[in-house]
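Asker: build me a model:
(one chain, ligands or ions: 2)
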Amino acid sequence: MQLTLLATRTAARPYRFATQCATVDNPDPQHKDQYGSSSVPIYQTATFKGMGGAYDYTRSGNPTRSHLEHHIAKISNARHAFAVTSGMGALDVIFRLLKPGDEIIAGNDLYGGSNRLIGYLKTHGGITTHHVDTTDPSTLVPLLQDPSRKVAMVLLESPTNPLLQIADLETIARLVRTHRPEALVVVDNTMMSPYLCRPLELGCDVVYDSGTKYLSGHHDLMAGVITCDRDDVAKGIAFTINSIGNGLSPFDAFLLLRGVKTLSLRIDKQQANSVLIAQYLDQLGFKVNYPGLPSHRGKAVHDRIASGPGAVLSFETGDVAMSERIVGSARLWGISVSFGCINFSHVSRTKLSCFKFYKRNLPEDLIRLCVGIEDPQDLVDDLEAALLEAGAVRVVDEAGARATLERVRPDGGDMKAVELKSVGGQERVKAGRPALERVMTSAPGKVILFGEHAVVHGVTAIAGAIDLRCYCLAEARSDGQISLDLPDLGYSQSWDLSTLPWHLVDPALTSSSCLKTGPKPDQAPSTELLTLLANQFVHQDQLKAVQAAQAFLYLYMHLAAAQGAGAPRPAAQSFTVRSGLPISAGLGSSAAFSVAVSSALLYSHGVLPLPSSSSSGDAKGGIDRAHADLVNAHAFLAEKVIHGTPSGIDNTVATLGGAVAFRRAVKGREGRLDVIEPQEGRGIRFLLTDTKVARDTKTLVAGVARRKLEEPDTINPLFDSIQRISDSAHSLLTSSTVDRAAQLAELAQLVDQNHAHLVSLGVGHAALEAVRSTTRGEPWGLATKLTGAGGGGCAVTVVPDDFSDDSLASLRSALASSGFETYSTTVGGRGFGVVAVPPSSAEVDEAEGGAERSKVPERRRFDECAGEELARWAEGVEGWVRA
Ligand SMILES: Nc1ncnc2c1ncn2[C@@H]1O[C@H](COP(=O)(O)OP(=O)(O)O)[C@@H](O)[C@H]1O
Ligand SMILES: C[C@@](O)(CCOP(=O)(O)O)CC(=O)O
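Answerer: Ligands and ions are numbered 1, 2, ... in the order given. From the prediction side, this is the model:
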């Protein structure tokens, strides 16, 4: 059923642009390649044998070229497409639609090569051109309305090259249609490509691109493409190409087709880089021409007719010699003509002779930047080095908290110092020291006794903290770096603080109220920042490490930005996280991680004051509830980064400890949190069994949500039944009167019922059934259910009071012999904890003659030991205070 639905949907909807680019269809469905080649073959032949076939002579047509033309037509949403030997070749073909005496209206900021051809048309073809300001459509009207003018073509570019001026293609096409219906509106779309703008859809008649640029993307071929919808115009173009013989060669057609497949991918990256660079130059106070900047004239029009600002920009320095010095000083930036290449960001200075010749009023200090796919920070660094070397900027206030660059006025006059909020969109920040040199936090895992999954959708769940904990050690460093070490996952990475993408920090998370009460429960993490972090900042393929590093960086960046009231004030620190919990097994390792990291950040940054420890070194309940809530709010955001849509129960238990009945707020209904107080002498033992079957909470939770949407009549009654189970369990666990044996027997029944419902939700697994059948079998007879997200992971077994230690030991060894790992735990342990860690023994030796050595566990052991030894090491640090 699901498959049918998906198939219907796909058939009804055209593919999106990136998919269209990547899928090259055969133009002739009758013609199947004899070997079924996935890549279009190169028909490197001038002639074809026989008469009356589809092809006879490559000047007139060639299968490789046809394939390309079909593909270009598809991605341009055009009826016809043609591929020729260069962009100028394309314009030449289009101009041959004109007759002597015809007149052209063109922009006054046209590409120099087009102007050269226009000049030739005038002297050799008797065709005159009127240059107007195409940024103002009304300037065309007098010419269009003048009956003495034989206006046959309007030639437009938008944005123009190199001034990036915007012409309202849609409005101009409408004006031409009204006043001069016979005239053709022709657009040079090279700066945008069909990915960002499709002028035929805006009412224009003929569009051409220099395929040498973005369509190819690699600067390894020359090509031009023409698209149009009108059959008569297409006929004229086909005739000209065949007559003059400038159709694209088979080999270049093959290369271009190969390039087009990655068009959107390349432009996305080049454009993202361009935005950063434009912002950087803009902040320095240069006059920057780029439609990606809010201040750009015509941006509103551009945003209407195109879907992105592109990857070419230009800026003015105010001094021709300075521009020359900048261009000459750049190293990574090459000096070149053309644009659109992926791996060669380059600068070019406008050529005076060319501009004077065409009477173009271009600033002589103009520098054009054509941006590639290099790392944006490298591009900004190189540009900055060139600006410094050329004397266009200078560094001021090096000793201050933040580095500041100041633009140098070419005439020597005063120029306002620009405190850089960001460099290339990335904060130019100077790392400070954290409020606390060394702090360690810990947080427990949890076991959900009843209500997992249903809790995400507003049903009550019962859960408690377990004995296994996660530890986070935050230490100051002094090299401007932030690092994250996750030895459990074999992951370690550090980042230069100035390179983090500070410009993507969410302002909703940097307010002072956020520092007091934490992120709001409905605050979603920014997918833009998360995607960038995952793609460009976390060098690891393992999903677990990526999720953990994303969550860490997300919290870290927002806290640093909030503390600096928007302008980040990050501290250089090392974070190491170790866990005694099995990861991704249903015992809340991610929540324990999130709480440990959040609290380590909040304490080490001085947002929360360190609670005073009792003389016993383990003050119970020694943490303010408001402080715990702040930790919990931050941890919930981290959980969202890791999980997508967590209910919040895991982080709440990992923060507060104890046992709770938890109901999240959903659609207008308030959430609820009831603490289940431990009952004197009535504690219940649980056995946890890790099946070692890997699974991912995020995927499982999303699967249940999808089923709820698709099969509400099946899933909602299951949730109602789970609510009744949780309610019964809640009253059983809080009742002091009910008979103990009856209480445990009834709990066991609820365990079985809840497990059956979880299996119906689709989160069961054969390994979990194996655990259940062992525990239920002779001689043990115990009830077991999956716990957490299921799909593998852990099972929880209720252990009755009269179940002897020997029986428990034999059950555990039976489970171990099936390859499972067991943990015996009490439920309802302590919440998160914090301790200031003194220097390790080596440092004490130096500073204080080793007097403290015996009290301070050796630091490196934290990275090395595991399991119970890890817990012993961490708990050995004196002064823990816990919630
Ligand atoms: N010790 C750890 N080190 C690093 N990351 C951890 C650690 N423990 C948990 N995590 C993070 O939490 C995620 C596990 O979340 P999840 O699949 O929900 O499992 P669980 O049921 O244990 O919470 C991991 O992918 C990782 O991102
Ligand atoms: C399935 C769910 O109820 C619990 C997930 O726990 P765990 O990540 O498997 O430890 C999800 C949630 O409550 O966020």
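
Asker: next one: the strand or helix carrying residue 154 to chain centre, how far?
Answerer: Residue 154 is located in strand 151-157, with elements delineated by DSSP states H and E. Distance of strand 151-157 from the chain centroid (CA atoms, centre = their mean, to the nearest Å) equals 41 Å.

Asker: next, the angle from the next helix or strand after it to strand 151-157.
Answerer: Toward the C-terminus, strand 151-157 is succeeded by helix 169-179 as the next helix or strand (DSSP H and E). For helix 169-179 against strand 151-157, the angle by axes from the mean of the first three to the mean of the last three CA atoms, to 10 degrees is 170 degrees.

Asker: run the chain-centre distance for the helix or strand following helix 169-179.
Answerer: With elements assigned by DSSP H and E, the helix or strand that comes after helix 169-179 is strand 184-188. Centre-to-centre, strand 184-188 and its host chain are 37 Å apart (CA atoms, centre = their mean).

Asker: strands paired with strand 184-188, and their directions?
Answerer: Using DSSP bridges, strand 184-188 pairs in its sheet with strand 151-157 (parallel), strand 206-210 (parallel).

Asker: may I have it as CSV, with CA atoms only?
Answerer: The C-alpha trace of strand 184-188 is given here as CSV (Å, rounded to 0.1, in the frame of the first residue of the first chain):
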residue,chain,number,x,y,z
LEU,A,184,12.4,39.0,-29.6
VAL,A,185,13.5,39.4,-26.0
VAL,A,186,16.9,37.7,-25.7
VAL,A,187,18.6,37.0,-22.4
ASP,A,188,22.2,36.2,-21.6
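
Asker: mean confidence for that strand?
Answerer: Mean pLDDT, computed over strand 184-188, is 98.

Asker: list the contacts of it.
Answerer: 87, 91, 94, 97, 110-111, 114, 152-158, 169, 172-173, 176, 199, 203-210, 233 (CB atoms under 8 Å, 6 or more residues apart in numbering). Using the backbone N, CA and C atoms, a C-beta is placed for each residue, glycine as well.

Asker: element containing residue 767?
Answerer: According to DSSP H and E, residue 767 maps onto helix 766-776.

Asker: ok, now residue 295?
Answerer: Using DSSP H and E, residue 295 sits in no helix or strand.

Asker: tell me the SS of the residue most central in space within the chain?
Answerer: By CA atoms, centre = their mean, the mean C-alpha position of the chain lies nearest to residue 531, the distance being 1.4 Å. When classified by DSSP: H, G, I helix; E, B strand; the rest coil, residue 531 comes out as helix.

Asker: likewise residue 405?
Answerer: strand.

Asker: isn't it right next to residue 285, touching?
Answerer: No. Residue 405 is beyond contact range of residue 285, at 9.9 Å (criterion: CB atoms under 8 Å).

Asker: which one's more surrounded, the two?
Answerer: The residue with more neighbours, out of residue 405 and residue 285, is residue 405; 24 against 17, by other CB atoms under 10 Å.

Asker: thinking again about what came up before, emit the ChimeraX select command for whichever of the contacts of strand 184-188 are buried.
Answerer: Burial among those is assessed by 16 or more other CB atoms under 10 Å; the matching ChimeraX selection reads:
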select :87,91,94,97,110,111,114,152,153,154,155,156,157,158,169,172,173,176,199,204,205,206,207,208,209,210,233
